[in-house]
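I would like the atomic coordinates for the input below:
(3 chains)
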Amino acid sequence: MPELPEVETVRAGLVRHVLHRPLAAADVLHPRAVRHQAGGASELHADLQGRAFRAAVRRGKFLWLELEEADRDAPVSPDHALLVHLGMSGQLLIQPPASPGTPHASTALPAAEQLARPVTSTTAHVRVRLRFVDGGQLWFVDQRTFGYVRSVPLVATDDHAPGGQGSELPLVPLPAAHIARDLLDPAIDVPAVIQSLRARRTEIKRAILDQALVSGIGNIYADEALWRAELHGTERTDLVPAGQLAALLEHARAVMSEALAAGGTSFDAMYVDVDGAGGYFERSLDAYGRAGQPCRRCGTAIRREQFMNRGSFSCPACQPPPHC
DNA sequence: CATATCCCCTGCGGGC
DNA sequence: TGCCCGCAGGGGATAT
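So this is what the prediction gives:
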């Protein structure tokens, strides 16, 4: 999936394009996209119709668009948002008002790419179409349908910054209330994360992929952080010294920050921002996807192992597995 | 409770 | 050419 840097790239694009524009309709083109919405497509439409977004917010890989109040004079009601999870293959694509947004005329892509692109790839997988009153659209596109959109109430979380100064509790979507802060969140309490990591009795890669412990890290950046920290993913969390855990988290933060600056990691047209453009971080990866290629630190061939039913890439020399 | 496994999907590339 | 297999950036829902 888009991991934290890719989702943040999408969020920044939403801020530039979709705030304060009233919605005319939400069209659900594939039922799986709204499978977590109790009332289904009709409820999503009813919750969005006539409303506008006031902010685009992200925590880890969870993204949501806060809704402006429908009626300023209405009695106080809980804040609501449109929650979006991109899953493995989700995209949000802007369709400017100038274009009718028909499936055959995507202006989200550069002209040259439009001509080269088969009709099938992106446009065939539009799952939800948000139509703005001004004629523009926001498409939720998702080939593998692991992603979803859903209107949700926002709730105040009880976690807060260390020191807790000026601390209003942040609003998060109710279904994502269990998601921990991520490493690019200025209010994250890193020492507390290290403590909960050490309290775990599991392998280190499992732990840093657990979104309830620290969010935003996925398979790519987990492997990159482990490579930089010279740790093997099957190392037990409770046996890794706290200093090494701190270094690992700092590497994860740094690699995601660098990837964000490069526009994210795009292996293909699946991982793109709201304008359809991909990022350039793939060329900077040191471990992920580099099986058989020389480690950039010591020259040993990077190995690929099966772990948690997916690939894990590491250097056999720099990251020896713990002996049991 | 914490932790581990299993699935949900579609499409693509490689081997036969 | 075509079929079958493995593989893909995630996490929710169940098992233990």
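
now the helix or strand encompassing A:Gln91: mean pLDDT?
Here A:Gln91, judged by DSSP states H and E, is contained in strand A:90-95. Regarding strand A:90-95, the rounded mean pLDDT is 96.

export that strand as PDB, just CAs?
Extracted as PDB, the C-alpha positions of strand A:90-95 are listed here (Å, rounded to 0.1, in the frame of the first residue of the first chain):
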ATOM      1  CA  GLY A  90      -6.100   2.900  -3.500                       C
ATOM      2  CA  GLN A  91      -5.800   6.300  -5.100                       C
ATOM      3  CA  LEU A  92      -7.600   9.600  -4.800                       C
ATOM      4  CA  LEU A  93      -7.600  11.500  -8.100                       C
ATOM      5  CA  ILE A  94      -8.800  15.000  -8.700                       C
ATOM      6  CA  GLN A  95     -10.900  15.700 -11.700                       C
END
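
contact residues of the stretch 51-200 of chain A facing DNA strand C?
Within the stretch 51-200 of chain A, the positions adjacent to DNA strand C are A:Gly60, A:Lys61, A:Phe62, A:His85, A:Gly87, A:Met88, A:Arg144, A:Phe146, A:Pro175, A:Ala176 by C-beta under 7 Å from any atom of the strand. For every residue, glycine as well, the C-beta is placed using N, CA and C.

ranges for the helices of chain A?
With DSSP state H as the criterion, chain A has helices at A:4-17, A:40-48, A:111-116, A:190-199, A:204-209, A:219-229, A:242-261.

so for A:Ile94, which of these sits nearest?
helix A:4-17 (4.9 Å; C-beta to C-beta).

which positions in that closest one come out as buried?
Buried residues in helix A:4-17, counted by 16 or more other C-beta atoms under 10 Å: A:Leu4, A:Pro5, A:Glu6, A:Val7, A:Glu8, A:Thr9, A:Val10, A:Arg11, A:Gly13, A:Leu14, A:His17.

quick check, the fifth one in contact with A:Leu184.
Yes: taking C-beta atoms under 8 Å as the contact criterion, A:Glu8 and A:Leu184 are neighbours in contact, 7.2 Å apart.

identify the contacts common to those two.
Between them, A:Glu8 and A:Leu184 share these contacting residues under C-beta atoms under 8 Å, 6 or more residues apart in numbering: A:Leu260.

among the buried residues of helix A:4-17, which ones lie close to DNA strand C?
Checking the buried residues of helix A:4-17 against DNA strand C (C-beta under 7 Å from any atom of the strand), the matches are A:Glu6.

make CSV out of the buried residues of helix A:4-17 and add pLDDT and distance to A:Ala301.
As requested, these are exported to CSV (pLDDT from 0 to 100; distance: C-beta to C-beta, whole Å):
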residue, pLDDT, distance to A:Ala301
A:Leu4, 97, 29
A:Pro5, 97, 27
A:Glu6, 97, 28
A:Val7, 97, 32
A:Glu8, 97, 33
A:Thr9, 97, 32
A:Val10, 97, 35
A:Arg11, 97, 37
A:Gly13, 96, 38
A:Leu14, 97, 41
A:His17, 96, 44
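
for A:Ile302, give me its contacts.
A:Ala287, A:Arg290, A:Ala291, A:Gly292, A:Gln293, A:Pro294, A:Cys295, A:Phe313, A:Ser314, A:Cys315.

not counting its neighbours along the chain, what's nearest the one residue in the stretch 201-324 of chain A that gets nearest to DNA strand B?
Nearest residue of the stretch 201-324 of chain A to DNA strand B: A:Thr202, at 3.5 Å (C-beta to the nearest atom of the strand). Leaving out its chain neighbours, the residue that sits closest to A:Thr202 by C-beta to C-beta, 6 or more residues apart in numbering is A:Thr237, at 6.0 Å.

how many neighbouring residues does the residue of the stretch 201-324 of chain A closest to DNA strand B have?
13 (other C-beta atoms under 10 Å).

settle this for me: it is touching A:Arg236, isn't it.
Yes: A:Thr202 lies in contact with A:Arg236 (C-beta under 8 Å); the separation is 7.4 Å.

so is stretch A:214-230 next to DNA strand C?
Yes: if you take C-beta under 7 Å from any atom of the strand as the test, stretch A:214-230 does meet DNA strand C, through A:Ser215, A:Gly218, A:Asn219, A:Ile220.

okay, those residues in TSV with distance to A:Pro191 next?
Converted to TSV, the residues of stretch A:214-230 next to DNA strand C look like this (distance: C-beta to C-beta, whole Å):
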residue	distance to A:Pro191
A:Ser215	17
A:Gly218	24
A:Asn219	26
A:Ile220	26
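
so which of those comes closest to A:Ala246?
A:Ser215 (17.9 Å).

how about that closest one, what does it touch?
A:Leu4, A:Arg59, A:Gly60, A:Lys61, A:Phe62, A:Ile179, A:Ala180, A:Arg181, A:Asp182.

chain neighbours aside, what residue packs nearest to it?
In space, A:Ser215 is closest to A:Gly60, 2.6 Å off (C-beta to C-beta, 6+ apart).

and that neighbour, what pLDDT?
Model confidence at A:Gly60, expressed as pLDDT, equals 98.

residues near it, how many?
25.

my read: it touches A:His178, true?
No: applying C-beta under 8 Å as the test, A:Gly60 and A:His178 come out as separate, 10.8 Å apart.
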